Structures are given as structure tokens and as C-alpha cells.
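A.B. asks: fold the following.
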Amino acid sequence: MFRLHGPLNKTLAVVGLSLLLTSVATAASWSVSVEDDLFSKTGKKAMLGTNGEQRPLVFDCDSSGISFALLEKSRLTNDERRFEPRPAKLLIKVDDAEPFNFSASVNRRNDYYFQIQVAGTQYPTETAELLHQIQAAQSKILVGVEFPSGDKYSDSVGVSGSTAATGKFLKACGIQ
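C.D. replies: Just a heads-up that it's a prediction; the model follows:
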């Protein structure tokens, strides 16, 4: 086994600890973007989402209502890969609460992402409750997708910054 001693060992330890703390701090956090919107009831539109996640969870509200989705990056653009929308189930569990189970649609979000999207207007009470749970999240948020074929996958989403970001989103969207 190779061991370093002396000042070099201490320097490498400090650098390693700094890299670890930086990666933890930037790994996964929640952020919100709020803009003025002439057509929405609150005069605002907003987007809430996780940063630094391989599969970000994103909530949108605007004049057409609220929606949320789990995003998946595509290696091909929309022009290169045609994608037919299909049904799925999106499950979200915050800490030790019972999981939410939503009917969703898998479709293109833009040229570089597809999404497993839920129209929150179909689930107004559940969507508000989910957002309040995310705002109060302490340790983990689990997100799962189940397809009619039986294929499933699950991932976790960090909770860092969820309290403040979700509070701003709730206010901007007029959700009690």
C-alpha cells in the first residue's frame, strides 16, 4: 500500500476535503425562477427544480396552470429522434410519507430532454400537498417511473434548498 507522509499528505488531505465539500454543496439543490406574467392569475410564472441531478424534477406554473415532470436528457435532438408520447405512472415519496401516484405522459420537453409529465391541474389537492411536503423535506425524495410494459426505475432527489425555493414557488403560483 502506498502512503504519503509529511506536508504533501496534509496538502492532499485538504484538497480532497475541499473537493468533497464542494461536490456535496453543488451536487443537488433546489432553485426557483420567478418572472412577471401578464396572463396568470398571480401576475407571475415560475419554475421550481432540482439542480445537479441526472434526472431533474421540475415544477412549472403559468397562465395554463401547474405541471411537473421528471426530465431525462436525450443524446439526440428532437429532429434526430421522433418520440411518440406514451402513458406512464410517476411516483414521488418525500421522507417517510406515503408515496403519491400520478398518471403521467412521456413526451418531448424540448430538443434535448424528454419528460414524464403530470398535469397538476388534474391533481390540484395532491399537487399542493406534494409541494408542501417538498418544502418540509428533511432527508430524501424518491422518484419512480412505471411504464405499462412493466419496466420501472427509481431515483432519489436531494432536499438541499427545497424549503426556501418551494416557498417562493408556492407564493408566486398562489398555492395555499
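A.B. asks: for residue 50, see how far away the residue nearest to the spatial centre of the chain is.
C.D. replies: Taking C-alpha atoms, centre = their mean, the centroid of the chain lies closest to residue 57, which sits 1.7 Å from it. Separation of residue 57 from residue 50 (C-beta to C-beta, to the nearest Å) stands at 5 Å. Placement of C-beta: from N, CA and C, glycine included.
A.B. asks: does residue 52 touch residue 157 like I think?
C.D. replies: No. If you go by C-beta atoms under 8 Å, residue 52 and residue 157 don't touch, sitting 10.1 Å apart.
A.B. asks: those two: which is more packed in?
C.D. replies: residue 157 (23 against 14; other C-beta atoms under 10 Å).
A.B. asks: once you drop chain neighbours, what's closest to residue 130?
C.D. replies: residue 100 (5.4 Å; C-beta to C-beta, 6 or more residues apart in numbering).
A.B. asks: how about the contacts made by the one you found?
C.D. replies: 91, 92, 93, 126, 129, 130 (C-beta atoms under 8 Å, 6 or more residues apart in numbering).
A.B. asks: look at the fifth one and say how many residues are nearby.
C.D. replies: Residue 129 has 14 neighbours, counted by other C-beta under 10 Å.
A.B. asks: returning to that earlier point: measure the residue nearest to residue 130 to residue 118 for me?
C.D. replies: For residue 100 relative to residue 118 (C-beta to C-beta), the value is 9 Å.
A.B. asks: which residues do these two both contact?
C.D. replies: With C-beta under 8 Å, 6+ apart, residue 100 and residue 118 have no common neighbours.
A.B. asks: what are the boundaries of the helices in the chain?
C.D. replies: 7-27, 124-135, 162-173 (DSSP state H).
A.B. asks: which of those has the lowest mean pLDDT?
C.D. replies: Here the lowest mean pLDDT among those goes to helix 7-27, at a mean of 36.
A.B. asks: which pLDDT value belongs to residue 57?
C.D. replies: 94.
A.B. asks: so it touches residue 49, yeah?
C.D. replies: Yes. If you go by C-beta under 8 Å, residue 57 and residue 49 touch, sitting 6.4 Å apart.
A.B. asks: mind listing the shared neighbours of residue 57 and residue 50?
C.D. replies: residue 157.
A.B. asks: returning to that earlier point: just list whatever residues bridge to the residue nearest to residue 130.
C.D. replies: residue 92 (DSSP bridges).
A.B. asks: next one: residue 115
C.D. replies: residue 71, residue 107.
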